[in-house]
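> Generate coordinates for the sequence data below:
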Amino acid sequence: MPSKESSYGRPPGPTPPSRIEPSTSKDPTVPELRTIKLPRECLPRFLSIARVNTLQNRETCGLLLGRDKGKKYVVTTLLIPKQHSTSDTCTMDEEELVLQFTEERQLITLGWIHTHPTQSCFMSSVDLHTHSGFQRMLPESFAVVCAPSSTPTFGIFRLTDPGGLQVILDCNAKEAFHPHPGVPIYTDCDNSHVQMKDMPLEIVDLRFE
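Take a look at the predicted model:
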């Protein structure tokens, strides 16, 4: 889990090169990943929740929680934590409430989701560092980026491993937004181990509790 001051975001201005590569989860050199089932309604429901912030050019972030079903993981809950945001960052507040929620429900953090209100669908350097903490804990962890004003409007990503994950874990740059080596850092995973299905979804918004 990210710390209380973890930020989700990207630099203002032109979109940098993404250095994304097609999914490698089927590559025999990549460790086998368990399938994650993601409710199809999660993305439109999250965009609806985020709409007020999006209209004000402010990001919104959430956590995708679920359960271990043996050979697969299943996302059951979209949790919106207490947070504060700008046009290019979203910072989770009172993380102890998230920890309490997951422990009480016996849920696993399988991924996270956030908006890019005006920019395109990519993973910024801050996003990459945020996600490295999730993926180090659970190799199947994924990040959803929603870009309602761009095409495509969403992407589901993970760090390349081997490759991108170690690059980010070894990165000691002090600036929030900074470049990384010109290698494929992250990959799409919505056509591989993350599969959207018609399934029920619980939504819990801690901002109003």
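
> Over to the most centrally placed residue in the chain. Which of the three states is it?
Among the residues of the chain, the one closest to the centroid is A143, at 2.4 Å (CA atoms, centre = their mean). At A143 the chain is in strand, as set by DSSP: H, G, I helix; E, B strand; the rest coil.

> Now do the end-to-end distance for stretch 194-209.
End-to-end distance of stretch 194-209 (CA to CA, to the nearest Å): 31 Å.

> go on, stretch 32-49?
Start-to-end, stretch 32-49 (CA to CA) is 34 Å.

> That stretch - what's its average pLDDT?
For stretch 32-49, mean pLDDT is 95.

> mind starting the numbering at 343 from now?
In the new numbering, first residue 343, that becomes stretch 374-391.

> How about that stretch, which residues are buried there?
L375, T377, I378, K379, L380, P381, E383, C384, L385, F388, L389, I391 (16 or more other CB atoms under 10 Å). All C-beta atoms are positioned from the backbone trio N, CA, C, and that covers glycine.

> Kindly report the same for stretch 476-487.
For stretch 476-487, by 16+ other CB under 10 Å, it's F476, Q477, L480, P481, E482, S483, F484, A485, V486, V487.

> distance of the residue nearest to the centre of the chain from D540?
22 Å (CB to CB, to the nearest Å).

> Any idea how far stretch 389-398 is from the middle of the chain?
Mean-position distance between stretch 389-398 and its chain equals 17 Å (CA atoms, centre = their mean, to the nearest Å).

> Residues touching it, excluding its own?
For stretch 389-398, contacts defined as CB atoms under 8 Å, 6 or more residues apart in numbering pick out E401, T402, G404, I422, S427, T457, P459, C488, P490, I545, D547.

> 6 Å instead?
T402, T457, P459, C488, P490 (CB atoms under 6 Å, 6 or more residues apart in numbering).

> Now for those, which sits with the most neighbours around it?
In terms of neighbours by other CB atoms under 10 Å, the contacts of stretch 389-398 top out with T457 at 28 neighbours.

> who's that residue bridged to?
Beta-bridge pairing of T457 under DSSP bridges involves C488.

> Please apply the same query to C432.
Beta-bridge partners of C432, as defined by DSSP bridges: Y350, S427.

> follow-up on the earlier one: out of the buried residues of stretch 476-487, who's nearest H535?
Within the buried residues of stretch 476-487, the smallest distance to H535 is 6.2 Å, found for E482 (CB to CB).

> give the contact list for the closest one.
Applying CB under 6 Å, 6+ apart to E482 gives the contacts L375, R376, I378.

> ok, which stretches of this structure are helices?
Ranges of helices in the chain, per DSSP state H, are 384-397, 437-447, 467-479, 506-512.

> so of the ones you listed, which one's packed in deepest?
Looking across the helices of the chain with neighbours counted as mean count of other CB atoms under 10 Å, the highest average goes to helix 467-479: a mean of 20.

> And that one, how far out from the chain middle?
The answer for helix 467-479 is 9 Å, by CA atoms, centre = their mean.
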